[in-house]
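**Student:** Sequence first, then the predicted structure, then my questions.
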Amino acid sequence: MTNIRINKIYSWVKPIAIFAATWVVAGPALALDSLVSDAGVKPMPVAFAPMQPVFQTAPALPKSRPDPALAYDIQPVDIAMPHSKPALKDVLPTSTATLAEMIKAQTGLNSSAEADYKLRAGEGVGSILRRAGYSAADTAAAIEAAQTKASLRRLQIGMKFTIAEHGFRFSVKPGIDIYIVRNPEFGWLAINALRPVETYVAFIQGVIDDSIYRAAKQAGVNEAAFHEYVRVMGFSVDFQREVRRGDQFEMMYDTQRDSLSGDIIGIKLQYAGLSLSGDQLGFYRFDGAENAIGWYDENGNSAARTLIRTPISGARLSSNFGSRKHPVSGYNAMHKGVDFAAPRGTPIIAAGAGVVRQAGWKGSFGRYIRIKHNSTYDTAYAHLSRIAPHIAAGSRVKQGEIIGYVGSTGRSTGPHLHYEILVNNRQVNPMTVRLPTGKQIDPVHLDDFKKQVQMVEAEVLARGTQRFATALPTPSTP
């Protein structure tokens, strides 16, 4: 009995299900026709026949949705195109020679006499303002304004603050002054102002007598420019052994001078040249992507080497690599490095970028530093008087960074640097080992680099100067 009921229900449900499915897929007409056929119902009367072709010619195709944009009255509008960031000189006011001038310009007030204060150890901006006579309320309001322009948490001891009755001035970034002034109407205001800077280009040549340092000093070369020159040339030249009397040097550098104070605030070496017994070397500065500074010859070959052969300036090679009679023990022994005699305290630089493996006392070497530069090269520095405070095992150092100072610690007869280059943990002669060069300049930047070279050449030409001028006098024999 149950099976009969199920069959009857199924006989009614089946055609309804087929009708619903067909309606969705093929339209109402086909679905109705299917229902009639399955249920055994007679065909529709002829009177309905004219309606059938409308539904049975083909399945209905979905219509495309209308473009919503066509429903609106669209008018063209101006679109702001990207533009370059304006230069600071175009958006910041110019700093003034005195604090009173800026206070007068911003507030119309005549300020009292201004005085300079230096930040003491453990002192903050609040303390220095109270020391200058500011009230607690003015101090709090002035600090709140100052914090909109700079972080006041880690200011250097000795930083100068110029303070007057209605405001003060300080600087946390070279070339930019921060003024905090009290406006009678608006309260305390913070203003960034650009210090005016003048740039001078110097092209200097000289002939070497007994010392390139002395020759550069006599020619009036800036100290910072000379040290950068030695660093660049130090990749290719051993100043202790290769430089001869009568060799010539030349360099070009920019000097930035603060127009208000007259102080030199920046030196930028642009070109370094050296003539060694007639063989000429020349390297040009190029500021590449992400402010990466490189030095290249006129063909774009890098001046850099993996390591600097001489990690000390102005020293004399006092003992070479190889077998020698030890100055302390008196026995013949292998000297696995080179010694540079120099005054105690002379700075020692990292011969290359790397990670400090050891920094501390090491037996007869005294105070000792060892740096791992890559999987092949290490360097070692011994007999130091002291190690730079930031140098410790695990520290990362840059090429040319000061790591310590010449001394005579350990087994030593006098102030000197014992210097080693290790290749796969074996000492080699630092003066003769072949060191890999740096990379060539990226071809993408080659055209820009060529313009830099041409700029230097044009500057020399404009001065009517000869390159490595033969007219330069050779030092006379004493």
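**Tutor:** That came through fine.

**Student:** Am I right that Gln452 is in a helix?
**Tutor:** Yes - according to DSSP: H, G, I helix; E, B strand; the rest coil, Gln452 belongs to a helix.

**Student:** ok, so what distance separates it from Tyr284?
**Tutor:** Gln452 is 6 Å from Tyr284, where distance means CB to CB, to the nearest Å. (C-beta placed from N, C-alpha, C; glycine too.)

**Student:** where do the contact lists of the two overlap?
**Tutor:** Residues touching both Gln452 and Tyr284 by CB atoms under 8 Å, 6 or more residues apart in numbering: Gln270.

**Student:** Ala137 sits in which helix or strand?
**Tutor:** Assigned by DSSP states H and E, Ala137 falls within helix 136-146.

**Student:** how about whichever helix or strand comes after that helix: buried residues?
**Tutor:** Per DSSP H and E, the first helix or strand lying C-terminal to helix 136-146 is strand 160-164. Across strand 160-164, burial judged by 16 or more other CB atoms under 10 Å covers 161-164.

**Student:** circling back: among Gln452 and Tyr284, which residue is more densely surrounded?
**Tutor:** Neighbour tally, Gln452 and Tyr284, criterion other CB atoms under 10 Å: the higher count belongs to Tyr284, 26 against 17.

**Student:** isn't that one right next to Met455, touching?
**Tutor:** No - when contacts are counted by CB atoms under 8 Å, Tyr284 is not listed as touching Met455 (9.0 Å).

**Student:** list residues touching both of the two?
**Tutor:** When contacts are counted by CB under 8 Å, 6+ apart, Tyr284 and Met455 are jointly contacted by Gln270.

**Student:** what ranges do the helices span in this structure?
**Tutor:** For the chain, the helices defined by DSSP state H cover 2-26, 28-39, 52-56, 88-91, 99-107, 125-131, 136-146, 212-218, 223-233, 446-462.

**Student:** Could you pull up the mean pLDDT of the second one?
**Tutor:** Pointing back at helix 28-39 there. For helix 28-39, mean pLDDT is 46.

**Student:** same deal with the fourth one?
**Tutor:** Confidence over helix 88-91 (mean pLDDT, whole number) is 61.

**Student:** what's across from Met252 in the sheet?
**Tutor:** Phe203, Tyr271 (DSSP bridges).

**Student:** Mind pulling the model confidence for it?
**Tutor:** 94.

**Student:** quick one: it from Glu459, how far?
**Tutor:** 6 Å.

**Student:** Now do the shared contacts for the two.
**Tutor:** Joint contacts of Met252 and Glu459 (CB under 8 Å, 6+ apart) are 201, 203.

**Student:** domain parsing for this structure?
**Tutor:** When the chain is parsed with automatic domain parsing, its domains come out as 2-56, 89-194, 198-304+441-462, 316-428.

**Student:** Tabulate those in a markdown table, adding columns for distance to Leu435.
**Tutor:** Below are the domains of the chain laid out as a markdown table (distance: least, CB to CB, whole Å):
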| stretch | distance to Leu435 |
| --- | --- |
| domain 2-56 | 79 |
| domain 89-194 | 35 |
| domain 198-304+441-462 | 9 |
| domain 316-428 | 8 |
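
**Student:** Those domains: which one's closest to Thr310?
**Tutor:** domain 198-304+441-462 (5.9 Å; CB to CB).

**Student:** what is the mean pLDDT for stretch 170-188?
**Tutor:** Mean predicted lDDT for stretch 170-188 stands at 90.

**Student:** What residues sit buried inside that stretch?
**Tutor:** Quick answer for stretch 170-188 (16+ other CB under 10 Å): 170-172, 176-182, 188.

**Student:** quick one: which of the residues you listed sit in strands?
**Tutor:** Secondary structure assignment by DSSP state E places 170-172, 176-182, 188 of the buried residues of stretch 170-188 in strands.

**Student:** and of these, the nearest to Ala380?
**Tutor:** Lowest distance from Ala380 to those (CB to CB) belongs to Val172, with 39.2 Å.

**Student:** For the closest one, give its distance to His390.
**Tutor:** 22 Å.

**Student:** What's the local residue count around the closest residue to Met455 other than its chain neighbours?
**Tutor:** Using CB to CB, 6 or more residues apart in numbering and skipping residues adjacent in sequence, the residue nearest Met455 is Gln270, 7.9 Å away. For Gln270, the count of nearby residues is 19 (other CB under 10 Å).
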